[in-house]
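Structure, please.
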Amino acid sequence: MTDNLRVAFADSSPTVMGASTETPLQKSGAGSCKEHGIMPMPDAHRKAKPVVAQDTTSQPPSDQQIPPKPKKSISFHMSVIMLAVVALTVSWDSTTIAVAIPTITNQLHGTSLESFWASIAFMLGVVVTQPIYSSVSNVLGRRYTLQAAIVLFTIGCIIFAVARNMAIVILGRALQGLGGGGLDVLQAVILSDITTLKERPLYLGIMALAIAIGTMTGPIVGAIFTEYVNWRWIGWINLPLSAAMFLLAQFFLHLKPIDLDLKSKIRRLDWGGMALFITGAVLTALPLSWANDLFTWSSWQTLVPLILGAILLVLFAFYEKKPVEPIIPHRIFANTTFVMALISGFMNGMVLYTLVLYLPLFFQAVYLQAPLEAALSALPLACVTLGFSFIASVMMERTRRYWLQLCIAWILSTVFLGLWSRVDKDTPRAISYTYQAFLGVGIGTVFTTTTVQLQASVELIDDMGLAAGLLVFFRLFGALLGQTIGATVFTSVFRQGFVEIGPVPDSLRILEDPAQAVGFIHSLNEIDLPEDVMARLLDVYQGPFRVIWLVMAEREDTGRQAFEVR
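The predicted structure follows:
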């Protein structure tokens, strides 16, 4: 790295997001850097005021000397710890339930659709509230918005833990998602507020580490509770984490206050945009999940809400030109690299979170594994994703380049997802682990590197926090659609496969209704069947997963193509 590049990166200072109207800032002349996959060099016009979380103010470096790096305050370090706990909690909560779904569905006599909605409801709550939390925090302030999200998340955890039927489970998970959406997006936005572009890859690596740890340990913790304690502890375990987040935010997160009275703050909120987006997103997700289950694809119950939801989302896109504080301002989409990075994040989130939900089910249904064993079988993917999400950030910190990393990562993800679709109950364990490892290299690298690619393409430094929030939103919107499409694929392919299986004993006739397929996974190890019948039944269960993996491989290839259009 040249001395000029060092000076340019040293010139970046932490951003502050507020509700004040923006002053025009000159755009950075970093186009050539972006074209070669190098993070751009902020100029003097991109400097912003330091946040209170840092006791000292960085001074712009002179041409002759780079000033010493300012020492971070205790408030800054505790704020980073708080953000890491937030990232850990959300990723943990989104993964602990996956391995417990068959047991919960069996105990509460739920259907396959209800079992999938235990995860989809959480993701839907996260997605519909993320841009709203980001917008509200710009007007009302980060800390109070974050604490409101923590309270809502905690209420959802309690409702889930005391649920006596699947409807209440789904309600609790939806409330957890409504709070979790704020936790997820504000973690990314606040991190952009308190760090510089130069140091951000390191702290992104820390956040990615927390997310990966939650993703890796979540299924194991959920399996332990399900097998040896009670699945309800999946909800109770979040309460001390919520208390820690709330208190750390209260005492250590001190950002610049917003100088507006309450009436002015409320008036600036994008109420019309919120209504259009929430309604459109919900109407789109619902029919995608119940198509070919509750209703056929051609029924009005599926087509009407799906078309209406799509229309509302298009109207939302046009409406966002009008508000003073739009949820998603149009100006930020002017850069092609930025838009392509969002598409890449969307595809990456679709694949990652679909695997998180369906991989434990795959091992329980096809390999006849208990919840804990299934969680451990999925560990190679989680561990490698964890490692390379951090390694990728360190490599960017050293090289200031991302293009080659992303190119290799997308290719690995696409190829090994395709190979994973060929894994069955007879595949040697070593082959299975190898495929998971290479898949984790691709997914983990894309997860971290896309963030820096996106923020490096932002023209105005005041938009850094907004860019971070948008990437999280697109990533989880992809997750929502991935899990929803997976639910539809599972039901459709299972129904077709079971029809083709031929005569079955009376003990399996319950599976003529595919709504019982997920709940029946819990009984696969207990039922006494002839060997040939069991083999055919496992093939029926394997069919939906194979199609899901192939669909996700196609999405990874779409992400690769979007990345190449820079």
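
for the nearest residue to Lys322 once chain neighbours are set aside, what are its contacts?
Using C-beta to C-beta, 6 or more residues apart in numbering and skipping the chain neighbours, the partner closest in space to Lys322 is Gly272 (7.8 Å). For glycine as for every other residue, the C-beta is placed from the backbone atoms N, C-alpha and C. Neighbour list for Gly272: Tyr319, Lys322, Pro323 [criterion: C-beta atoms under 8 Å, 6 or more residues apart in numbering].

Break down the stretch 251-400 of the chain into its strands, ranges please.
Assigned strands in the stretch 251-400 of the chain: none (criterion: DSSP state E, counting those that start in this stretch).

can you list contacts of stretch 230-242?
Counting by C-beta under 8 Å, 6+ apart, 85, 88-89, 92-93, 96-97, 100, 103-104, 107, 150, 153-154, 157-163, 172, 221-222, 225-226 sit against stretch 230-242.

same check, this time on stretch 295-315
By C-beta under 8 Å, 6+ apart, stretch 295-315 touches 276-277, 279-288, 290-291, 294.

List the buried residues in that stretch.
Buried residues in stretch 295-315, counted by 16 or more other C-beta atoms under 10 Å: Thr302, Pro305, Leu306, Gly309, Leu312, Leu313, Leu315.

Then stretch 166-174?
Under the neighbour-count criterion of 16+ other C-beta under 10 Å, stretch 166-174 has Met166, Val169, Ile170, Leu171, Gly172, Arg173, Ala174 buried.

Quick one: list the elements packing against the helix or strand the last one falls within.
Secondary structure assigned from DSSP states H and E places Ala174 in helix 166-194. Packed against helix 166-194 by the contact rule (3 or more C-beta pairs under 8 Å, 6 or more residues apart in numbering; DSSP states H and E) you find helix 74-96, helix 101-107, helix 112-140, helix 142-161, helix 200-228, helix 464-499.

now for the ones you listed, which one comes closest to Leu255?
With C-beta to C-beta, the closest approach to Leu255 among the helices and strands packed on helix 166-194 belongs to helix 142-161: 5.4 Å.

pLDDT score for the spatially closest residue to Ile501 that is not a sequence neighbour?
What sits nearest to Ile501 in space, not counting adjacent residues and going by C-beta to C-beta, 6+ apart, is Arg536, at 5.2 Å. Per-residue confidence (pLDDT) for Arg536: 88.

From Gln542, how far out is Arg536?
As judged by C-beta to C-beta, to the nearest Å, Arg536 and Gln542 stand 11 Å apart.

for Leu269, same thing?
Following C-beta to C-beta, the distance that separates Leu269 from Gln542 is 49 Å.

now swap in Arg509 and tell me
When Arg509 is compared with Gln542 (using C-beta to C-beta), they lie 21 Å apart.

likewise Met78?
The value you get for Met78 to Gln542, if C-beta to C-beta is used, is 48 Å.

cool, Trp92 as well?
Distance from Trp92 to Gln542, by C-beta to C-beta: 29 Å.

who has more neighbours, these two?
Trp92 (24 against 19; other C-beta atoms under 10 Å).

if we can go back for a sec, which one, of the helices and strands packed on helix 166-194, ends up nearest to Arg401?
helix 200-228 (11.3 Å).

in the stretch 301-450 of the chain, what spans have low per-residue confidence?
397, 400 (pLDDT under 70).

At the geometric centre of the protein, which residue do we find?
The chain has Leu476 as the residue nearest its centroid, 4.0 Å off, counting by C-alpha atoms, centre = their mean.

I figured it hits Asp184, correct?
Yes: at 6.8 Å, Leu476 counts as touching Asp184 under the criterion of C-beta atoms under 8 Å.
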